[in-house]
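Trainee: Provide a 3D model corresponding to the input given below.
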Amino acid sequence: MLKGKDLLSIHDLSVDEVNEILALAHDLKAKQKAGIEHHLLKGKTLGMIFEKSSTRTRLSFETGMYQLGGQALFLSNRDLQLGRGEPIKDTARVMSRYLDGIMIRTFGHDRVEEFAEWSDVPVINALTDLLHPCQVLTDLLTIQEHKGKNLKGLKMAYVGDGNNMTNSFMYGCAKAGINFVAATPEDYKPDMQVFANAVEDAKETGATIELVTDPFEAAKGADIVVTDTWASMGQEAEHDERKKIFKDYQVNADLLKQADKRVIVMHCLPAYRGEEITDEIMEAYADVIFDEAENRLHTQKAIMALLMGDY
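Mentor: Got it, this is the predicted structure:
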């Protein structure tokens, strides 16, 4: 049972809990497409703290709460005393008195952890510099839609920067039984503690978690190829330098020749066409990529319903 819990990292979820989220997401998506009301959070309110801006995160959480029968409140630093230096522990305790759940999109992962420590209502990590669990759960749902619900034994190749997406993919693939290989430049590997945790998690499902530097090695026989922007939010000043460093880590037609013929390509967006992915490949796999974007709505509805409701 996930009711009342926080969702800060996929590492904290059991395999059964991951499967529970995905199963409910499938169900809620089917209901929404059929026009069936599913007001599982009627009368509930979600507070959404945005210290980092976003298109998909705000739209999916806010729309999701509306479809679940509740309401969402958008809160930027300008709207909160956090922006004027109020301690996190005070803000968390106050917000817990008003709200049924809190979503945070921020920089340091320690901020989410501290918020959860002091909050009496569920806290959802909508992105930190370390992890992006909601996106990776969404990606698992999308892979199930395109590859079947049993994900064990599939191979995912991640190509690019060892960032919060790479970290969360290691956890997500470990829980789902997907063999994961990340190809990054030597000095841009993912978090090594996350890697060690994921390797341990993967023992339960039989998955393998590997790090390499050669993108063509990673892509060999891959069922799923994934990438992300080379310069994440907050790294804009490094953009030109990163373009030079990552120029050989582009998802393009040559790279995909190494993959399985039925490969799917995924990108969490926003995509910088001509950098981490070519326009040709972006358009060739647009159906999958925009299914992935839509599925943020359905997966986050499942997360909110399970954490905040009586489902």
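Trainee: ok, residues contacting stretch 194-209?
Mentor: 11, 15, 130-131, 152, 167, 170-171, 173-180, 189, 211 (C-beta atoms under 8 Å, 6 or more residues apart in numbering). The C-beta positions use only the backbone N, C-alpha and C, and glycine is treated the same way.
Trainee: which of those residues fall in strands?
Mentor: Per DSSP state E, strands hold the following members of the contacts of stretch 194-209: 179-180, 211.
Trainee: mind putting these in CSV, distance to residue 42 included?
Mentor: Shown next, in CSV, are the ones in strands among the contacts of stretch 194-209 (distance: C-beta to C-beta, whole Å):
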residue, distance to residue 42
179, 42
180, 39
211, 45
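Trainee: most neighbours, which of those?
Mentor: The residue in the ones in strands among the contacts of stretch 194-209 with the most neighbours, by other C-beta atoms under 10 Å, is residue 180 (28 neighbours).
Trainee: distance of it from residue 280?
Mentor: If you measure residue 180 against residue 280 using C-beta to C-beta, to the nearest Å, the figure is 25 Å.
Trainee: roughly how far is stretch 228-237 from the heart of the chain?
Mentor: Counting by C-alpha atoms, centre = their mean, to the nearest Å, stretch 228-237 is centred 16 Å from the centre of its parent chain.
Trainee: for residue 3, helix, strand, or coil?
Mentor: Taken by DSSP: H, G, I helix; E, B strand; the rest coil, the conformation at residue 3 corresponds to coil.
Trainee: how about residue 56: what's its closest non-neighbour residue?
Mentor: Nearest-residue entry for residue 56: residue 296, 5.2 Å, with adjacent residues in sequence omitted and distances by C-beta to C-beta, 6 or more residues apart in numbering.
Trainee: residues contacting that neighbour?
Mentor: Neighbours of residue 296 in contact, by C-beta under 8 Å, 6+ apart: 56-57, 60, 134-135, 138.
Trainee: same deal with residue 131?
Mentor: Applying C-beta under 8 Å, 6+ apart, one finds that residue 131 lies in contact with 8-10, 109, 125, 164, 167-168, 171, 194.
Trainee: OK, contacts around residue 14?
Mentor: By C-beta under 8 Å, 6+ apart, residue 14 lies in contact with residue 175.
Trainee: oh, and call the first residue 56 from now on, that's how I've got it
Mentor: From this message on, residue numbering opens at 56, which makes the last subject residue 69.
Trainee: coming back round to it: if you look at the contacts of residue 351, which of them are in helices?
Mentor: Secondary structure assignment by DSSP state H places 111-112, 115, 189-190, 193 of the contacts of residue 351 in helices.
Trainee: what subset of those residues is buried?
Mentor: Among those, those that count as buried by neighbour count (16 or more other C-beta atoms under 10 Å) are 111-112, 115, 189-190, 193.
Trainee: out of these, the closest to residue 201 would be?
Mentor: Closest to residue 201 out of those is residue 193 (13.0 Å), distances taken as C-beta to C-beta.
Trainee: show me the domain layout of the protein.
Mentor: The record, using automatic domain parsing to delimit domains, assigns the chain the ranges 65-187+351-363, 190-347.
Trainee: now do the first one: distance to the chain's middle.
Mentor: Same thing as domain 65-187+351-363. With C-alpha atoms, centre = their mean as the basis, the mean position of domain 65-187+351-363 lies at 13 Å from the chain mean.
Trainee: do the same with stretch 327-343
Mentor: Computed by C-alpha atoms, centre = their mean, the separation of stretch 327-343 from the middle of its chain amounts to 19 Å.
Trainee: the stretch 156-305 of the chain: strands as residue ranges?
Mentor: If DSSP state E, counting those that start in this stretch is used as the criterion, the strands of the stretch 156-305 of the chain fall at 156-160, 178-182, 210-214, 234-238, 264-267, 279-282.
Trainee: I'm done for today, thanks for sticking with me.
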